[in-house]
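**Q** okay, here's the prediction I keep looking at, along with the sequence it came from:
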Amino acid sequence: MRYGGAVVMTVLVVLGRLALDPVWGRQHNRHLVFLPTVMLAAWFGGFGPGLLSVGLSTLALGHFWTEPASGFHVNSDLVLFFFVSVAVCELVESLHLSRAHADDARRAHERVMEVVVHDLRNPLTAIKATSDALQSGPGLDEHHHHRLKVIDRSVSRMESLIRDLVDAGQAEHGTLLMMIEKEDALSIVDEAIELQTPVARERGVSLEASGPQGAIFINCDRHRLLQVLGNLIGNALKFTPQAGRITVRIDADAPDKERVVRFVVEDTGAGIAPENLPHVFEQYWKGDAKGTGLGLYIAQSIVRAHGGDIGVTSEPGRGASFFFTVPRAL
């Protein structure tokens, strides 16, 4: 099948080039017409079909387009064409091999990640269940209660890291799972703030919502959008000092507001250096911050999977403003 395809494609190109002789002339682009043919035969068929196309193309060039006009003749141009075409086949074959090795490495990485995620989740589930059982038992003093709460927070942190690793892998391969439904944007903002308020209160940071009144409907995966807002608010909490303020709002005056809804997360933190702004959404980029460097990358991937856009503006010492858009529900 692959060899037959190479033969058919090469013969069709020969016939087409012969038909163009009255227009182009016998010598115009006679070699360049066949190089793409050889490349396509090697790309879709492999090294063997590519070499077959080289042989047929060389015979056709030697018979039809090498002086004198009749019979098969060899000259330096024909020899050069032959060796360049063979080199093209080898190059295409090496690209196929490199791609195959990369695919094998990616599949091996995915299998390792699946095993790691599975083997980590099982003991974490057991630790969480044991901690809950101990906390619900009688006679637990304040010291041990505090220790168990530390265990709970550590388990939650580990579970969050595992989710980030899974989401980053899915985002990298374009396989993020999305359940798009019509949702109220304001209720999503309220829920995101409610989830982050205990952390903000513990750090002495004011966390508030701002924006227009009334329902604003969007097409989104509610869980994923809460994840985006959670990542952006969590990132703001890292850099906002005590007595600072974080505002989450829906921008009623956003450009193209008839088709999209624009969310904004602003903080009064230290801001971002200008040279770091182009890198904040890169995978594993952390700058001077602690963490995995996956939160903003995952947020960007989720927003783009919704068909929206995400960005940031900031000045050192004057806080940062992260914004993203989501399609408005019709």
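**A** Done, it's in.
**Q** the residue nearest to residue 134 when sequence neighbours are not counted: neighbour count?
**A** With Cβ to Cβ, 6 or more residues apart in numbering as the criterion, residue 134 has its nearest non-adjacent residue at 5.8 Å, and that residue is residue 148. Where C-beta positions appear, they are placed from N, C-alpha and C, glycine not excepted. The criterion is other Cβ atoms under 10 Å. On that basis, residue 148 has 17 neighbouring residues.
**Q** over to residue 148: give its phi and psi.
**A** Dihedral angles of residue 148 (phi, psi; degrees, to the nearest 10) stand at phi -70, psi -30.
**Q** residue 133 is in contact with that one, correct?
**A** No - counting by Cβ atoms under 8 Å, residue 148 stays clear of residue 133, with 9.9 Å between them.
**Q** what does whichever strand or helix holds residue 246 rub up against?
**A** Counting by DSSP states H and E, the secondary-structure element that holds residue 246 is strand 245-251. Here strand 245-251 makes contact (Cβ atoms under 8 Å, 6 or more residues apart in numbering) with 185-186, 189, 192-193, 200, 205-212, 216, 229, 233, 236-237, 240, 257, 261-268, 323.
**Q** of these, buried ones?
**A** Restricting those to buried positions leaves 185-186, 189, 192-193, 200, 205, 207, 211, 216, 229, 233, 236-237, 240, 261-268, 323, with burial counted as 16 or more other Cβ atoms under 10 Å.
**Q** which helix or which strand is home to the nearest residue to residue 298 once chain neighbours are set aside?
**A** The spatially closest residue to residue 298, leaving aside those adjacent along the chain, is residue 167, at 4.9 Å (Cβ to Cβ, 6+ apart). Applying DSSP H and E as the criterion places residue 167 in helix 142-172.
**Q** same check, this time on residue 124
**A** With secondary structure defined by DSSP H and E, residue 124 is part of helix 76-136.
**Q** residue 314 - how many residues pack around it?
**A** In terms of burial, residue 314 registers 22 neighbours under the definition other Cβ under 10 Å.
**Q** got it, and residue 271?
**A** Close neighbours of residue 271, defined as other Cβ under 10 Å, add up to 19.
**Q** does it touch residue 321 like I think?
**A** No - the criterion here is Cβ under 8 Å, and residue 271 misses it with residue 321 at 9.8 Å.
**Q** tell me which helix or strand comes right after the helix holding residue 167.
**A** strand 181-184.
**Q** centre of the chain to that following strand, how far?
**A** Between the mean C-alpha point of strand 181-184 and the mean C-alpha point of its chain there is a distance of 24 Å (Cα atoms, centre = their mean, to the nearest Å).
**Q** go on, stretch 142-162?
**A** The mean C-alpha position of stretch 142-162 is separated from the chain mean by 31 Å, Cα atoms, centre = their mean.
**Q** tell me the contacts of residue 258?
**A** For residue 258, the residues meeting the contact criterion (Cβ under 8 Å, 6+ apart) are residue 328.
**Q** what are the structural domain limits within the chain?
**A** Here the domain assignment for the chain is 1-175, 181-327, based on automatic domain parsing.
**Q** now the residue nearest to the spatial centre of the chain, nearest residue through space, not along the chain?
**A** To find the centre residue of the chain, average its C-alpha atoms and take the closest one (Cα atoms, centre = their mean): that gives residue 172, at 4.0 Å. Nearest residue to residue 172, sequence neighbours excluded (Cβ to Cβ, 6+ apart): residue 283, at 7.3 Å.
**Q** mind checking the SS state of the one you found?
**A** coil (DSSP: H, G, I helix; E, B strand; the rest coil).
**Q** go on, residue 311?
**A** Remark: residue 311 carries the secondary structure label strand [criterion: three-state DSSP].
**Q** in this structure residue 261 contacts residue 185, no?
**A** Yes - A contact is recorded between residue 261 and residue 185 when judged using Cβ under 8 Å, the distance being 5.2 Å.
**Q** joint contacts of the two?
**A** When contacts are counted by Cβ under 8 Å, 6+ apart, residue 261 and residue 185 are jointly contacted by 216, 218, 250, 326.
**Q** average model confidence for the helix holding residue 124?
**A** The average of the pLDDT scores along helix 76-136 is 81.
**Q** which secondary structure elements does it contact?
**A** Contacts defined by 3 or more Cβ pairs under 8 Å, 6 or more residues apart in numbering; DSSP states H and E place helix 76-136 against helix 34-45, helix 47-64, helix 142-172.
**Q** would you reformat those helices as a markdown table and include mean pLDDT and distance to residue 15?
**A** Compiled in a markdown table, the helices and strands packed on helix 76-136 are given as follows (pLDDT from 0 to 100; distance: least, Cβ to Cβ, whole Å):
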| stretch | mean pLDDT | distance to residue 15 |
| --- | --- | --- |
| helix 34-45 | 90 | 12 |
| helix 47-64 | 88 | 10 |
| helix 142-172 | 78 | 45 |
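**Q** mind putting the ones you listed into CSV with distance to residue 299?
**A** Converted to CSV, the helices and strands packed on helix 76-136 look like this (distance: least, Cβ to Cβ, whole Å):
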stretch, distance to residue 299
helix 34-45, 37
helix 47-64, 44
helix 142-172, 10
